[in-house]
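# Provided below for reference: sequence and predicted model.
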Amino acid sequence: MELVIRSIEAKDYHMVTDLLVHHLFVMGVGGENVVPFFDKVKDDDNYLNFVALLDDEVVGFLSAVTFYSAGAAGRFLYLQQIVVRTEHRNKGIGTEIMRYIEDYAKANGMNGIGLCSGHHRTDAHRFYERNGFSKLTQWLGKHLTP
């Protein structure tokens, strides 16, 4: 099975909603607010939404936004959400998604990637650290050299 990572399409919205609700456990997330979000940002190049597919099944999702920070040179990427379907975890899919977004950030001249993660998500923290992120209080970041 080959993993394919691509931009989200309207046909993926219901599967991504399921990922967010049942595999990332984001409170208050449902089709009533996920779909309008995707529709709102689909033409905004600052918002990046990618799905990871195995045999045309959405098994992972990443949502990010680019931004400038006062006093810092260049643009940065903030990972809003990254999730892999529970039964597909620990198979390298999350690492492939992270590699994909890091390559995207480097290719687009961004200076860093950051994210926030809840204190209780200790497995996720270990995953991020294995992928080169450092603990910066409650913010995890990774410096990139474009």
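All right, it came through fine.

# Every contact and neighbour count from this point should use C-alpha atoms.
Noted.

# Pick out the residue closest to the middle of the chain.
Residue closest to the average C-alpha location in the chain (C-alpha atoms, centre = their mean): Leu62, at 2.7 Å.

# Same question for the helix or strand where it lies: list its buried residues.
Element membership for Leu62 (DSSP states H and E) is strand 57-68. Buried residues in strand 57-68, counted by 16 or more other C-alpha atoms under 10 Å: 58-66.

# Kindly reformat these as CSV containing distance to Leu3 and pLDDT.
Formatted as CSV, the buried residues of strand 57-68 follow (distance: C-alpha to C-alpha, whole Å; pLDDT from 0 to 100):
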residue, distance to Leu3, pLDDT
Val58, 10, 96
Val59, 9, 97
Gly60, 10, 96
Phe61, 12, 96
Leu62, 14, 95
Ser63, 18, 93
Ala64, 20, 95
Val65, 23, 95
Thr66, 25, 95
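
# From Leu53, how far out is the residue nearest to the centre of the chain?
12 Å (C-alpha to C-alpha, to the nearest Å).

# Kindly report the same for Glu129.
24 Å.

# What of Gly114?
In terms of C-alpha to C-alpha, Gly114 sits 24 Å off from Leu53.

# residues touching the closest residue to Tyr47 other than its chain neighbours, list them.
Of all residues not flanking Tyr47 in the chain, Val65 sits nearest, at 4.5 Å (C-alpha to C-alpha, 6 or more residues apart in numbering). Shown in contact with Val65 (C-alpha atoms under 8 Å, 6 or more residues apart in numbering): 46-48, 77-80.

# swap in Leu79?
62-65, 113-116.

# separation between the residue lying closest to Asp12 once chain neighbours are set aside and Thr95?
Distance criterion C-alpha to C-alpha, 6+ apart; nearest residue to Asp12, sequence neighbours excluded, is Val58 at 7.3 Å. Val58 is 16 Å from Thr95, where distance means C-alpha to C-alpha.

# Then Phe38?
On the measure of C-alpha to C-alpha, Phe38 and Thr95 end up 24 Å apart.

# How about His88?
Where Thr95 is concerned, His88 sits at a distance of 12 Å (C-alpha to C-alpha).

# Comparing the two, which residue is more hemmed in?
Each of His88 and Thr95 has its neighbours counted (other C-alpha atoms under 10 Å); Thr95 has more, 16 against 13.
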